[in-house]
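Undergrad: Dropping the sequence and predicted coords here.
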Amino acid sequence: EVHLVESGGGLVQAGGSLRLSCAASGFTFDKYAIGWFRQAPGKNREPVSCTSATHGTKFFPSSEKGRFTIATDSAKNTVYLQMNNLELDDTGVYYCAAGNPDCSGSFYDWGQGTSVTVAS
């Protein structure tokens, strides 16, 4: 059974950093992509990044690039989303999910989410 658990969220001041973790069980990263998504209060969920062993990493929207980075620990089956220079608009619930290796199509096996609040 595929199971994803996010952690690392919290309250941070604007300009600060957080590292979110997505720990997976029931599958290995070499066969799937891991997507990070964000749902801001009152808004639809939007993609933040997608990473896979076969297709690398991309960020959505491209403006996130430079502030966010992805790291993968295969031994721990964990993907990390490092978020630096956080802005108020980064506030929301962050989810990870498994998807096709090329990041196309639907994502499935969603985690429960971890909440990030950026304060001024």
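TA: Now that the structure is in, tell me what you want to look at.
Undergrad: When you work out contacts or count neighbours from here on, use the C-alpha atoms and nothing else.
TA: OK.
Undergrad: State the helix or strand in which the residue nearest to the spatial centre of the chain lies.
TA: Centroid check for the chain by Cα atoms, centre = their mean gives Trp36 as the closest residue, at 2.7 Å. Element membership for Trp36, per DSSP states H and E: strand 33-39.
Undergrad: Need the per-residue pLDDT for the residue nearest to the centre of the chain.
TA: Note on Trp36: pLDDT of 95.
Undergrad: measure it to Ser120 for me?
TA: 24 Å (Cα to Cα, to the nearest Å).
Undergrad: how about the helix or strand of the chain with the lowest mean pLDDT: buried residues?
TA: Within the chain, confidence by mean pLDDT, DSSP states H and E is lowest for strand 56-59 among all helices and strands, at a mean of 87. Across strand 56-59, burial judged by 16 or more other Cα atoms under 10 Å covers 57-59.
Undergrad: related to what we said a few turns ago, what backbone torsions are found at the nearest residue to the residue nearest to the centre of the chain once chain neighbours are set aside?
TA: Once flanking residues are discounted, Trp36 sits nearest to Cys96: 4.5 Å by Cα to Cα, 6 or more residues apart in numbering. Dihedral angles of Cys96 (phi, psi; degrees, to the nearest 10) stand at phi -120, psi 150.
Undergrad: any chance of the buried residues of strand 56-59 in a markdown table, plus distance to Ser21?
TA: Output for the buried residues of strand 56-59, formatted as a markdown table (distance: Cα to Cα, whole Å):
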| residue | distance to Ser21 |
| --- | --- |
| Thr57 | 16 |
| Lys58 | 17 |
| Phe59 | 17 |
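Undergrad: my guess is Asp73 meets Leu81, correct?
TA: No. Asp73 is beyond contact range of Leu81, at 11.6 Å (criterion: Cα atoms under 8 Å).
Undergrad: Neighbour count: these two, which is higher?
TA: Leu81 (21 against 11; other Cα atoms under 10 Å).
Undergrad: Check whether the more buried one really touches Ile70, as I assumed.
TA: Yes. Because the distance of 4.9 Å satisfies Cα under 8 Å, Leu81 is recorded as touching Ile70.
Undergrad: Nearest residue to Ser115 in space, ignoring adjacent ones along the chain?
TA: Ser115 sits nearest to Val93 (Cα to Cα, 6+ apart), 4.3 Å away.
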